[in-house]
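Student: Let's see this in three dimensions:
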Amino acid sequence: MGDKIPVGSSEYEAEVIPGLESCAIDELRQLAPAALGNLRRSRAGFLRFRCAGAAADLLSLRSVIALYQIHHFAIPRPKALLGHEHFTRLLGILRAAAQRFGSPPLTMGIAAAGSQTAVMQRLRQEFSRALGLQLAEAGKGELFLRLARQTEAAGWEALVRTTASPLSKRDYRLVDVPGALNATVAYAMTRLGGSEGSGERQTALNLCGGSSTILIEHAQSFPNDTLIAIDNCPDMIRIGRQHAWQARQSHRIIHLLADAKRAPIAAGSVNLLYADLPFGHHIGSHEDNVELYPALLREASRLAKPDAALILLSHDIRLLARCIRASAWRIRSQTTISLSGLHPRLFVLQRNSARI
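Tutor: From the prediction side, this is the model:
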């Protein structure tokens with residue numbers, strides 16, 4: 001893409017899952033290749049770029065947690081934002097952002113280093129009062145502002161989120177399931193299987209299907225594939241069906257109440273397999289995983305076609321790596337990510353018999 005900066009462009013920062021920056025870069029390049037410029041990783045979990053035009057297409061990003069528009073203020077410290085000139089300018093920026101939401105925001109939040117200082121508390125109160133919005137608890141708010149010191153020059157940045165809720169919060173997730181997979185991670189998993197450009201109808205199976213986030217994300221990228229979710233919990237099957245219906249994918253995803261270790265599916269019939277394995281923290285235990293992991297790998301081997309891929313996410317990394325070495329699978333790639341204070345790993349496996 002190069003470092004060319006589009007004329008009349010605005011500057012943005014995309015927050016992503018640390019470890020999945022390359023997935024977000026690929027999506028950005030596919031989404032608006034002609035309008036983007038100076039796309040770069042600024043630090044772990046953050047990308048910066050410039051985009052020309054209204055940039056409405058950026059709101060459809062699925063690999064991004066949240067998107068912020070960056071505004072620069074030549075000030076020595078945040079207290080200067082309380083001055084008439086800077087306060088009026090930032091107030092106008094916030095009002096313009098709120099007007100682009102689907103419905104008027106009711107709450108606002110401000111995040112910054114030293115958020116408990118008297119200056120930051122006063123900024124929160126003054127902007128809340130001027131905008132007529134209720135202050136949200138720390139880290140939340142529909143109209144959301146981050147203040148940060150500029151790293152490449154003197155001054156401060158006001159980063160205003162472009163949407164009333166994070167992009168990672170999917171509208172189809174009607175039920176908040178404890179331990180449910182982050183939707184941007186699910187999207188990234190669907191990009192790792194090598195389905196792009198194949199042009200062939202495939203069968204994708206999610207072992208331990210949970211709330212169906214992975215297959216819904218898959219369905220939205222690959223409209224012709226046959227999709228099957230397996231879970232042994234009736235509540236998860238019900239929730240998965242609800243989510244698929246809300247995402248308008250209920251006709252695409254088959255939900256089976258069954259034991260993933262003994263799936264009611266013909267051998268050698270699946271092109272792509274997914275599993276968000278129990279970490280042994282919120283769900284299950286290490287002792288359970290000692291039995292579950294090798295059994296799932298054996299069943300996945302039975303179900304897989306010769307050239308199939310198996311994409312796994314787990315925080316029980318040593319156990320899973322040991323089980324893979326003893327299985328019919330081999331590691332094609334692995335990526336460590338940061339997720340809610342944990343550092344799970346994404347494994348892409350290939351059948352040993354496959355041609356590479």
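Student: ok, then the element right after the helix or strand containing residue 121?
Tutor: Assigned by DSSP states H and E, residue 121 belongs to helix 118-131. Using DSSP H and E, the helix or strand that follows helix 118-131 in sequence is strand 134-135.
Student: Direction included, what does that following strand pair up with?
Tutor: strand 107-112 (parallel) (DSSP bridges).
Student: List the buried residues in the helix ranked longest in the chain.
Tutor: Counting by DSSP state H, the longest helix found in the chain is helix 286-303. Within helix 286-303, the residues scored as buried using 16 or more other CB atoms under 10 Å are 289, 292-294, 296-301, 303. Backbone N, C-alpha and C define where each C-beta goes, glycine included.
Student: Flag whichever of those residues scores worst on pLDDT.
Tutor: Least confident of the buried residues of helix 286-303 in the model: residue 289, at 81.
Student: For that one, give me its contacts.
Tutor: 277-278, 280, 314, 316, 319 (CB atoms under 8 Å, 6 or more residues apart in numbering).
Student: and what of residue 337?
Tutor: So residue 337 contacts 17-20, 185, 343-346 (CB under 8 Å, 6+ apart).
Student: How about it: what's its closest non-neighbour residue?
Tutor: residue 19 (3.5 Å; CB to CB, 6 or more residues apart in numbering).
Student: Measure how buried the one you found is and give me the count.
Tutor: 20 (other CB atoms under 10 Å).
Student: quick one: it from residue 185, how far?
Tutor: 9 Å (CB to CB, to the nearest Å).
Student: For the stretch 101-250 of the chain, which segments count as helices?
Tutor: Ranges of helices within the stretch 101-250 of the chain are 118-131, 183-190, 213-221, 234-246, based on DSSP state H, counting those that start in this stretch.
Student: tilt between the last one and helix 213-221?
Tutor: Angle, helix 234-246 to helix 213-221, by axes from the mean of the first three to the mean of the last three CA atoms, to 10 degrees: 20 degrees.
Student: Mind checking the pLDDT average for helix 234-246?
Tutor: 97.
Student: starting at the chain centroid, how far to that helix?
Tutor: Its chain's C-alpha centre and that of helix 234-246 lie 20 Å apart, by CA atoms, centre = their mean, to the nearest Å.
Student: now do the second one
Tutor: Averaging C-alpha positions (CA atoms, centre = their mean) puts helix 183-190 6 Å from its chain's average.
Student: What is it packed up against?
Tutor: Under the contact criterion of 3 or more CB pairs under 8 Å, 6 or more residues apart in numbering; DSSP states H and E, helix 183-190 touches helix 213-221, strand 304-314, strand 345-351.
Student: would you list the ones you listed in TSV and tack on mean neighbour count and mean pLDDT?
Tutor: Below are those laid out as TSV (neighbours: other CB atoms under 10 Å; pLDDT from 0 to 100):
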stretch	mean neighbour count	mean pLDDT
helix 213-221	24	96
strand 304-314	22	95
strand 345-351	20	95
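Student: what would those look like in JSON lines with distance to residue 56?
Tutor: Converted to JSON lines, these look like this (distance: least, CB to CB, whole Å):
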{"stretch": "helix 213-221", "distance to residue 56": "18"}
{"stretch": "strand 304-314", "distance to residue 56": "31"}
{"stretch": "strand 345-351", "distance to residue 56": "30"}
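Student: Quick one: closest of these to residue 98.
Tutor: helix 213-221 (28.1 Å; CB to CB).
Student: Does residue 327 touch residue 301 like I think?
Tutor: Yes: if you go by CB atoms under 8 Å, residue 327 and residue 301 touch, sitting 6.6 Å apart.
Student: Out of the contacts of residue 337, flag the one nearest to residue 78.
Tutor: Distances from residue 78 to the contacts of residue 337, taken by CB to CB, are shortest for residue 18, at 26.2 Å.
Student: Report the contact partners of the closest one.
Tutor: Residues near residue 18 by CB under 8 Å, 6+ apart: 44-45, 337-338.
Student: Please apply the same query to residue 247.
Tutor: 170-172, 216, 219-220.
Student: give me the number of residues near the residue nearest to residue 139 when sequence neighbours are not counted?
Tutor: Excluding its sequence neighbours, the residue lying closest to residue 139 (CB to CB, 6+ apart) is residue 111, at 6.2 Å. The tally of other residues near residue 111 (other CB under 10 Å) stands at 17.
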